[in-house]
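S.K.: got a structure for you, letters missing:
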């Protein structure tokens with residue numbers, strides 16, 4: 001990314017002639033002086049090191065040594081049990097003794113399942129990580145087909161972001177207490193707590209209806225145009241009304257969204273006929289102009305070209321491209337505060353739905369004071385709409401809202417009333433993911449927050465998170481997770497089990513953004529000095545595209561071609577009710593080890609994620625999973641959220657934290673996927689409840 005940092009003179013509007021442009025992209029210097037050492041190399045460590053470097057840290061890499069002079073040491077044991085000098089693989093017990101002897105500051109270890117669990121010595125691949133964390137269990141096109149496997153090592157990369165957030169949490173605690181800390185990051189927990197968060201909310205709250213937002217949609221899915229495809233997802237009555245008008249008179253007889261869901265074939269057929277006569281970009285422009293969530297299915301090349309044309313300087317090429325793409329504005333202030341500790345950090349969550357609320361909840365769990373802004377006349381849609389705990393509706397019973405809004409207090413602001421005014425002086429950080437007009441009405445837009453910091457001389461951090469960025473022609477576009485996947489190039493790079501274009505079954509862009517938001521806030525609050533208020537404009541599409549930038553220019557058929565040796569595949573034993581086991585083999589030796597355990601030869605693989613049916617083996621898949629994992633091979637059953645909610649192993653890790661509220665009583669929510677060794681997980685508080693009307 002280039003030309004994305006705008007320096008604005010104090011007291012000026014970011015749209016005035018006083019703007020100048022800095023040449024160093026989205027890189028900031030907030031972590032200057034923080035020395036980070038990555039021990040070894042991996043997909044996960046590459047992401048973590050690039051994020052740290054972008055935030056200003058001094059990052060070096062090498063192999064673990066007996067004496068590492070660094071403020072933060074990062075070790076990845078997800079795929080290989082390394083981490084001790086001169087030893088390729090080592091037990092967790094020996095590794096922990098090495099860390100205790102060597103660590104002098106903050107040491108962060110990512111492992112497949114956590115260091116203090118019964119699976120401490122197990123390893124994982126991206127495939128088995130996504131299987132063990134429920135993503136693949138919700139990415140099915142049918143029970144008879146293998147799951148849709150997303151490209152680009154998304155699970156391993158997301159764990160890299162989580163490592164950064166966990167490390168910055170520990171740096172905060174170390175500066176406050178002086179303690180030497182070892183942070184235990186579970187890759188499985190990282191994906192469950194983020195990419196699976198909505199499905200986990202549904203499962204942990206015993207909701208009665210089907211999980212996932214797409215269940216509400218009509219129309220929903222891919223539609224062919226003259227020159228490509230679009231993705232459309234209509235979830236609200238007002239969107240349905242706009243959609244009807246755009247296609248009038250074809251759907252005039254279908255008045256409500258409820259009726260549309262009951263007649264999906266007719267609705268989809270009418271949209272297919274309409275789209276078939278137009279280009280994809282034309283369809284997108286018409287429907288988005290009417291207020292309908294619709295996006296063209298872009299490739300990375302198309303996305304980059306369109307971003308530049310829209311005034312967003314997006315660069316996804318090369319190893320130096322930022323893993324936190326954003327547009328950053330600076331407004332100088334007279335504030336000379338140094339680091340703001342977590343106990344003193346005041347965060348306003350002025351957002352809704354998923355990305356901002358979850359990122360803010362994590363900050364609250366780490367110790368920041370987080371306030372949820374609520375407009376009594378326009379409550380968060382997750383408060384208003386199910387799924388509800390136990391199937392019983394109520395303003396405090398939304399499974400999604402409770403899963404995403406823990407560790408917060410609430411502030412009511414009747415937006416639009418004569419006496420409603422948001423006191424921005426009460427907060428250091430303002431997070432929002434509202435539509436631009438709504439953000440300005442609330443008073444939480446970047447311009448308002450930056451102006452407030454300039455007028456008081458108090459440096460502030462304002463972050464706008466939106467589907468497609470807060471500037472350019474897409475700023476008003478409606479976005480949901482799957483639309484963002486399509487726009488960002490993820491859908492175009494994904495093949496399902498039939499070899500056709502597909503998408504993963506859970507939102508990924510939103511929870512990924514939550515982790516990125518937490519990283520931005522923690523790094524800013526650790527800065528040694530703050531001479532400017534900062535506005536960060538995040539496009540979730542651009543952030544998602546950064547996850548697959550290494551696939552740029554590669555045909556999806558090549559992405560999914562199996563390697564010469566081993567590969568990623570699924571096993572299904574005939575007569576086992578469709579249960580699947582995900583396995584990754586990387587060498588001839590691993591193939592031989594696998595064959596000795598399962599008792600049959602591995603068939604020739606042609607594609608990544610191939611389904612292998614076998615018979616004549618009496619061992620059940622669950623037992624086979626244990627045997628393969630004990631032999632050091634990446635293997636996991638393919639779980640769903642409901643299975644994970646009652647899985648004895650996951651329940652034993654402390655990932656699900658018990659909380660108690662007036663309306664829900666005792667219930668569980670998903671906590672932080674890391675903890676400091678020897679200490680309990682971060683304590684969670686239930687989401688704020690509202691008085692019954």
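M.R.: Yes, it's here. Because the structure is predicted, anything quoted here is derived from the model rather than measured.
S.K.: Quick one: residues contacting the residue nearest in space to the middle of the chain.
M.R.: Nearest to the geometric centre of the chain sits residue 512, at 1.6 Å (Cα atoms, centre = their mean). By Cβ atoms under 8 Å, 6 or more residues apart in numbering, the contact list for residue 512 reads 158, 161, 194-195, 540, 543-544, 547. The C-beta positions use only the backbone N, C-alpha and C, and glycine is treated the same way.
S.K.: what do you get if the cut-off is 10 Å, keeping everything else the same?
M.R.: Residues near residue 512 by Cβ atoms under 10 Å, 6 or more residues apart in numbering: 154, 157-158, 161, 194-195, 355, 481, 484, 540, 543-544, 546-547.
S.K.: Same question for residue 259.
M.R.: Per Cβ under 10 Å, 6+ apart, neighbours of residue 259: 218, 240, 251, 253, 266-267.
S.K.: can you confirm it is in a helix?
M.R.: Yes - judged by DSSP: H, G, I helix; E, B strand; the rest coil, residue 259 forms part of a helix.
S.K.: Just to check, residue 608 is in contact with residue 147?
M.R.: No - using Cβ atoms under 10 Å, residue 608 makes no contact with residue 147, being 11.4 Å away.
S.K.: and which of the contacts of residue 259 is nearest residue 502?
M.R.: Relative to residue 502, the closest of the contacts of residue 259 is residue 218; by Cβ to Cβ it sits at 19.8 Å.
S.K.: Around the closest residue to the closest one other than its chain neighbours, count how many other residues there are.
M.R.: Once flanking residues are discounted, residue 218 sits nearest to residue 260: 3.9 Å by Cβ to Cβ, 6 or more residues apart in numbering. Using other Cβ atoms under 10 Å, residue 260 is surrounded by 23 other residues.
S.K.: Help me confirm that residue 260 comes into contact with residue 240.
M.R.: Yes - counting by Cβ under 10 Å, residue 240 is a contact partner of residue 260 at 5.8 Å.
S.K.: what do these two both touch?
M.R.: 217-219, 234, 251, 254, 267.
S.K.: any idea how far residue 519 is from the residue lying closest to residue 29 once chain neighbours are set aside?
M.R.: Nearest residue to residue 29 in three dimensions, chain neighbours excluded: residue 56, at 4.1 Å (Cβ to Cβ, 6+ apart). From residue 56 over to residue 519 the distance is 12 Å, taken as Cβ to Cβ, to the nearest Å.
S.K.: Neighbour count: these two, which is higher?
M.R.: residue 519 (23 against 19).
S.K.: Scan the shared contacts of residue 260 and residue 240 and report the most crowded one.
M.R.: Result: residue 234 is most packed of those (other Cβ under 10 Å), 28 neighbours.
S.K.: ok, now which ones touch residue 414?
M.R.: 374-378, 420.
S.K.: mind redoing it with 7 Å?
M.R.: 375-377, 420 (Cβ atoms under 7 Å, 6 or more residues apart in numbering).
S.K.: So which residues of the stretch 301-450 of the chain form strands?
M.R.: Assigned by DSSP state E, counting those that start in this stretch, the strands in the stretch 301-450 of the chain fall at 327-332, 346-349, 369-374, 409-412, 429-432.
S.K.: Surely residue 49 and residue 58 touch.
M.R.: No - counting by Cβ atoms under 7 Å, residue 49 stays clear of residue 58, with 10.8 Å between them.
S.K.: Counting neighbours, go ahead and name the busier of those two.
M.R.: residue 49 (23 against 15).
S.K.: which residues sit in contact with residue 234?
M.R.: Contacts of residue 234 by Cβ under 7 Å, 6+ apart are 217-219, 240, 243, 257, 292-293.
S.K.: Redo these as JSON lines? Include pLDDT.
M.R.: JSON lines is the format used below for these (pLDDT from 0 to 100):
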{"residue": "217", "pLDDT": "67"}
{"residue": "218", "pLDDT": "82"}
{"residue": "219", "pLDDT": "89"}
{"residue": "240", "pLDDT": "94"}
{"residue": "243", "pLDDT": "96"}
{"residue": "257", "pLDDT": "91"}
{"residue": "292", "pLDDT": "94"}
{"residue": "293", "pLDDT": "92"}
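S.K.: right, and out of those residues, which lies closest to residue 171?
M.R.: residue 293 (38.8 Å).
S.K.: which helices and strands does the longest helix seen in the chain pack with?
M.R.: Taking DSSP state H as the criterion, the chain has its longest helix at helix 154-177. On a contact count with 3 or more Cβ pairs under 7 Å, 6 or more residues apart in numbering; DSSP states H and E, helix 154-177 meets helix 43-54, strand 72-77, strand 106-111, helix 126-132, strand 181-186, helix 187-192, helix 509-525.
S.K.: which one is residue 351 nearest to, not counting chain neighbours?
M.R.: Counting by Cβ to Cβ, 6+ apart, the residue nearest residue 351 is residue 433, at 4.3 Å.
S.K.: same deal with residue 32?
M.R.: residue 56 is the one closest to residue 32 (Cβ to Cβ, 6+ apart), at 4.7 Å.
S.K.: hang on, isn't the one you found packed against residue 35?
M.R.: No - if you go by Cβ under 7 Å, residue 56 and residue 35 don't touch, sitting 11.5 Å apart.
S.K.: Can you name the residues that contact residue 611?
M.R.: So residue 611 contacts 146, 497, 570, 572 (Cβ under 7 Å, 6+ apart).
S.K.: hang on, it in a strand?
M.R.: Yes - counting by three-state DSSP, residue 611 falls inside a strand.
S.K.: Residue 136 versus that one, what's the distance?
M.R.: From residue 611 across to residue 136, the span is 12 Å (Cβ to Cβ).
S.K.: Give me the common contacts of those two.
M.R.: Common contacts of residue 611 and residue 136 (Cβ under 7 Å, 6+ apart): none found.
S.K.: those helices in the stretch 301-450 of the chain, which residues are they?
M.R.: Along the stretch 301-450 of the chain, counting by DSSP state H, counting those that start in this stretch, helices occupy 355-366, 381-384, 399-404, 436-442, 446-456.
S.K.: Can you check which of those helices gets nearest to residue 534?
M.R.: helix 446-456 (8.1 Å).
S.K.: got the buried residues for that closest one?
M.R.: For helix 446-456, burial by neighbour count (16 or more other Cβ atoms under 10 Å) applies to 446-454.
S.K.: List the residues that contact the residue nearest to residue 32.
M.R.: 28-32.
S.K.: Could you do residue 597 as well?
M.R.: With Cβ under 7 Å, 6+ apart, residue 597 has these contacts: 627-628, 631.
S.K.: Helices - which of the residues you listed land there?
M.R.: 627-628.
S.K.: For the contacts of residue 597, which entry has the maximal number of neighbours?
M.R.: residue 628 (24 neighbours).
S.K.: so what's that residue up against?
M.R.: So residue 628 contacts 583, 594, 597, 635 (Cβ under 7 Å, 6+ apart).
S.K.: same deal with residue 156?
M.R.: 43-44, 78, 126, 129.
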